[in-house]
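Undergrad: Quick one: sequence and predicted model below, then my questions.
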Amino acid sequence: MKLVILDRDGVINEDRDDFVKNTMEWVPLPKSCDAIANLTQAGWHVVVATNQSGIGRGLFDMHALNAMHEKMHRLVGQAGGRIDAVVFCPHTADDQCSCRKPQPGMVEDIMARFNVRGEGLPMVGDSLRDLQAIAAVGGRPLLVKTGKGLRTLEKGGLPEGTQVFDNLFAAADYLINLEN
């Protein structure tokens with residue numbers, strides 16, 4: 001099975017320093033929905049893994065998160081794509097849970113649900129913690145320069161083998177062309 005994990009904020013939609021808290025603030029990045037559609041049409045399964053500490057901080061509730069994800073699913077569907085699952089961590093860093101990236105809990109959950117191995121499993125993210133979460137299971141870290149990606153790149157310390165792309169569209173194109 002061809003499966004790719006995507007971070008949400010900064011990869012699929014615009015990120016905000018004050019958190020994306022509602023559907024009005026959830027704005028897709030240019031060509032991100034097309035990128036997911038291209039992956040879907042090339043036979044990839046797409047799963048989103050996202051830290052959503054805004055819930056734990058009381059900035060928004062599950063109703064707001066579900067509404068944002070409904071919007072994301074709708075826009076991706078209109079582009080001809082599909083997101084197979086969305087996995088999220090509602091905890092803050094203070095909770096010290098095993099699911100909040102950079103911990104690999106969400107990635108391990110996805111691996112179990114979809115019966116895939118971590119070795120070579122690609123994950124597209126814009127922050128070091130995204131890359132660390134996939135590297136922890138032997139996966140393939142892909143950094144995009146959108147969202148916090150440029151800052152992440154400038155800070156350095158990326159996991160070995162991290163590949164860098166301008167945006168999700170370029171990363172998706174790379175993954176699709178790997179198969180050809």
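TA: Alright, I've got the coordinates.

Undergrad: Any stretches of this structure with poor pLDDT?
TA: 179-180 (pLDDT under 70).

Undergrad: Strands along that one, start to end?
TA: With DSSP state E as the criterion, the chain has strands at 3-6, 45-51, 85-89, 122-125, 140-144, 163-165.

Undergrad: residue contacts, residue 101?
TA: By CB atoms under 8 Å, 6 or more residues apart in numbering, the contact list for residue 101 reads 7, 49, 51, 89, 125, 127, 129-130, 132-133. For the C-beta atoms, the positions are set from N, CA and C on the backbone; glycine is no exception.

Undergrad: Identify, from those, the entry nearest to residue 61.
TA: residue 89 (15.5 Å; CB to CB).

Undergrad: I figured that closest one was touching residue 105, is that so?
TA: Yes. With contacts counted by CB atoms under 8 Å, residue 89 reaches residue 105, the gap being 7.4 Å.

Undergrad: Give the residue from those two that has the larger number of neighbours.
TA: residue 89 (22 against 17; other CB atoms under 10 Å).

Undergrad: Tell me if I'm right that residue 86 and residue 47 touch.
TA: Yes. Using CB under 8 Å, residue 86 is in contact with residue 47, at 7.4 Å.

Undergrad: which helix is the longest one in the protein?
TA: helix 62-78 (DSSP state H).
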